[in-house]
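Chemist: below are the sequence and a predicted model for it; my questions follow.
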Amino acid sequence: MDDILINIGRQLKLARQKRDLTLQQVAKRTGVSAGLISKIENLRTTPSLPVLLKIMQTLSIDLSELDLSSNVTGDYIVVKNGTGTKEEREDSVNLEYTHLLSSPSSDSSSIRVYIVSVAPATYRKPISTNANELIYVLNGKVNYLLKKDQVTLEKGDLLYFDGSIPHGVSNEFNEDAVMLKIYFLH
């Protein structure tokens, strides 16, 4: 189910861009904040049904146009190297998100798994999500800002935190950093 919701967020973003509308224009027409629309499009939150319907109505999207199919079938999931989907996130310049997996929802919780590359000289201002987050550094070094604390993470380090706490990331080092990032949505 969660992979269906992620696909809807992507489809809403593509529909908005195809119509040459800004987040602010859609926000004004729907009465939904630009920040919430951005979080939906950038897969940081799942929309409520009324919010989803307002956005669809504003973008003139019929429910039959949305892909509501799940790509999760069977008793296990294998994600082969190189088969992830790159995602553009307007709030994360110089961060490259590659979506690997969204688990089917069960008992109102699910996970989303990404590989995130952080280029040198990158700073992303603090944001919040509706998930707990786990970061495992595969390569390089990054700094995470959590509230007022700065934590430097190096290859092999792991960080777990409540994503509702504003958190930012920076790479002030000379090489790309690569992280495995898992969102535990609730």
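Modeler: On my side now, so go ahead.
Chemist: what number of residues lie near the closest residue to residue 162 other than its chain neighbours?
Modeler: In this structure, residue 162 finds its nearest non-sequential neighbour in residue 132, 5.6 Å apart by Cβ to Cβ, 6 or more residues apart in numbering. In this view, the C-beta of every residue, glycine as well, is placed from N, C-alpha and C. Using other Cβ atoms under 10 Å, residue 132 is surrounded by 17 other residues.
Chemist: quick check: residue 132 is in a helix.
Modeler: No - per DSSP: H, G, I helix; E, B strand; the rest coil, residue 132 lies outside any helix segment and is strand.
Chemist: what about it, distance to residue 41?
Modeler: Distance of residue 132 to residue 41, given as Cβ to Cβ, to the nearest Å: 22 Å.
Chemist: domain ranges for the protein?
Modeler: 2-65, 85-185 (automatic domain parsing).
Chemist: quickly list what the residue nearest to residue 162 is bridged to.
Modeler: For residue 132, the beta-bridge partners under DSSP bridges are residue 162, residue 184.
Chemist: cool, residue 87 as well?
Modeler: Going by DSSP bridges, residue 87 forms beta bridges with residue 97.
Chemist: burial measure for it, as a count.
Modeler: 19.
Chemist: distance of it from residue 158?
Modeler: From residue 87 to residue 158 the distance is 23 Å (Cβ to Cβ).
Chemist: got any ranges where this structure has weak pLDDT?
Modeler: 1-7, 43, 67-74, 104-109, 186 (pLDDT under 70).
Chemist: now the helices for it?
Modeler: Using DSSP state H, the helices found in the chain span residues 2-18, 23-30, 34-41, 49-58.
Chemist: which strands and helices sit next to the last one?
Modeler: To tie it back to what came earlier, the one meant is helix 49-58. Helix 49-58 is packed against helix 2-18, helix 23-30, helix 34-41, with contacts defined by 3 or more Cβ pairs under 8 Å, 6 or more residues apart in numbering; DSSP states H and E.
Chemist: check the second one too.
Modeler: Contact analysis of helix 23-30 by 3+ Cβ pairs under 8 Å, 6+ apart lists helix 34-41, helix 49-58 as its packing neighbours.
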